[in-house]
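Student: What follows is a predicted protein model with its sequence.
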Amino acid sequence: MRKVAVSLAAAMAVIIGSVLVAEAASIEQAKALAVKAAKFVEENGREKGIAEIGDPKGQFVKGDLYVVIQDTKGMCLANPVNPAMNGVDSFNLKDPTGKLFIQDMITIVKTTGSGWSSYTWTNPATKKLQPKKVWVQKVEGTDLYTLCGIFQ
């Protein structure tokens, strides 16, 4: 009986672990969501794009992934999980290591149009500082960009 219980417990641990891994976001999913959001703004316009990205129940919030939209002056235009950031000039925002990470994102947008940026931030789930990697995607024909990332 004890062997059965131990085997059952081990099987449950594997199943639960598999579900957690399946639900965890990947960097590819973060990139795809940021690209999709930028395309949405291109096709639907600035105001509709900002409204959709800012909607916490909208199509650009998927589990622990969400898209933020900013302009190249550093203004946060829509953050669906932290709406207090909407309208905040974050150009000079630094991570705990002193990195001006918004300026890094803007440089990527202005030079290559898209790419990865990394910085350190507090993970809201663990309340601990962790490295975060975000995909930054220029919205063509505008001064806007979308970003979506994951804690590593």
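Tutor: That came through, no problem.
Student: Show me what Ser117 bridges to in the sheet.
Tutor: Beta-bridge partners recorded for Ser117 (DSSP bridges): Val134.
Student: Let me know the distance separating it from Thr111.
Tutor: Ser117 sits 12 Å away from Thr111, going by Cβ to Cβ, to the nearest Å. To be clear about C-beta, it is placed using only N, CA and C from the backbone, and glycine gets the same treatment.
Student: Val61 now?
Tutor: In terms of Cβ to Cβ, Val61 sits 29 Å off from Thr111.
Student: same deal with Lys36?
Tutor: 22 Å.
Student: Tell me which of Val61 and Thr111 has more neighbours.
Tutor: More neighbours surround Val61 than the other of Val61 and Thr111, with 18 against 8 (other Cβ atoms under 10 Å).
Student: Leaving aside the residues adjacent along the chain, what's closest to that one?
Tutor: Closest residue to Val61 apart from its sequence neighbours, by Cβ to Cβ, 6 or more residues apart in numbering: Pro80 at 5.2 Å.
Student: contacting residues for the one you found?
Tutor: When contacts are counted by Cβ atoms under 8 Å, 6 or more residues apart in numbering, Pro80 touches 53-56, 58, 60-61, 66-68.
Student: Any of those buried? List them.
Tutor: 53-54, 58, 60-61, 66-68 (16 or more other Cβ atoms under 10 Å).
Student: Which members of those are the farthest-apart pair?
Tutor: Gly58 and Val68 (12.5 Å; Cβ to Cβ).
Student: Quick check: Gly45 vs Ile53, distance?
Tutor: Gly45 is 12 Å from Ile53, by Cβ to Cβ.
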